[in-house]
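J.: this is the structure alone, sequence omitted:
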């Protein structure tokens, strides 16, 4: 199932014009670089050179037109006060953009919508349930979505 799902996911990303998997480069502890002028630019150049010409470079979602990495200051983020580093906001925005772009190309057969709805309802009823076996999901798909065989489920 993982192999089939991975192949389908790659097709969806390709249709969206995004290499799969999408990759975000995040540098933490930006506060530690304040006393080292030029270090951030040096790290950025290092990353660009390392990835240049590699397959991985196609997967990177850039923070901005000229910046490859998202650099986060860990001392700014305080969930209790609601203060968040602007780079975290940018990262969330970029993540949502990628998800939205991929979702536009995601085609889900109608019978699977019922299955998806059932899975969500089970999760809502019991938020502690994190894992279901393949067999359990297959039985649910056969019951709710009219999936008739293991092959169709996979």
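T.: Yes, it's here. Given the structure is predicted, the values throughout are model-derived calculations rather than measurements.

J.: separation between residue 36 and residue 76?
T.: Relative to residue 76, residue 36 is positioned 18 Å away (Cβ to Cβ, to the nearest Å). All C-beta atoms are positioned from the backbone trio N, CA, C, and that covers glycine.

J.: now residue 29
T.: 11 Å.

J.: neighbour count: the two, which is higher?
T.: residue 76 (14 against 11; other Cβ atoms under 10 Å).

J.: tell me which element that one falls in.
T.: According to DSSP states H and E, residue 76 maps onto no helix or strand at all.

J.: state the pLDDT value of it.
T.: Here the pLDDT value assigned to residue 76 is 81.

J.: quick check: closest non-adjacent residue to it.
T.: Leaving aside its chain neighbours, residue 76 sits nearest to residue 85 (4.2 Å; criterion: Cβ to Cβ, 6 or more residues apart in numbering).

J.: the one you found contacts residue 91, correct?
T.: No - the pair residue 85 / residue 91 is not scored as a contact, 9.1 Å apart, by Cβ atoms under 8 Å.

J.: what secondary structure does the residue lying farthest from the centre of the chain sit in?
T.: Ranked by distance from the centre of the chain (Cα atoms, centre = their mean), the top residue is residue 35, with 33.0 Å. Classification of residue 35 by DSSP: H, G, I helix; E, B strand; the rest coil places it in coil.

J.: phi, psi for it please.
T.: Backbone torsions of residue 35, given as degrees, to the nearest 10, read phi -90, psi 10.

J.: against residue 149, how distant is it?
T.: Note on residue 35: its distance to residue 149, by Cβ to Cβ, is 63 Å.

J.: in the longest helix along the chain, what's buried?
T.: For the chain, the longest helix by residue count, based on DSSP state H, is helix 86-104. The neighbour-count check on helix 86-104 (16 or more other Cβ atoms under 10 Å) flags 87, 91, 94, 98, 102 as buried.

J.: may I see those residues organised as TSV, with distance to residue 72 added?
T.: As requested, the buried residues of helix 86-104 are exported to TSV (distance: Cβ to Cβ, whole Å):
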residue	distance to residue 72
87	5
91	8
94	13
98	18
102	24
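
J.: good, wrapping up.
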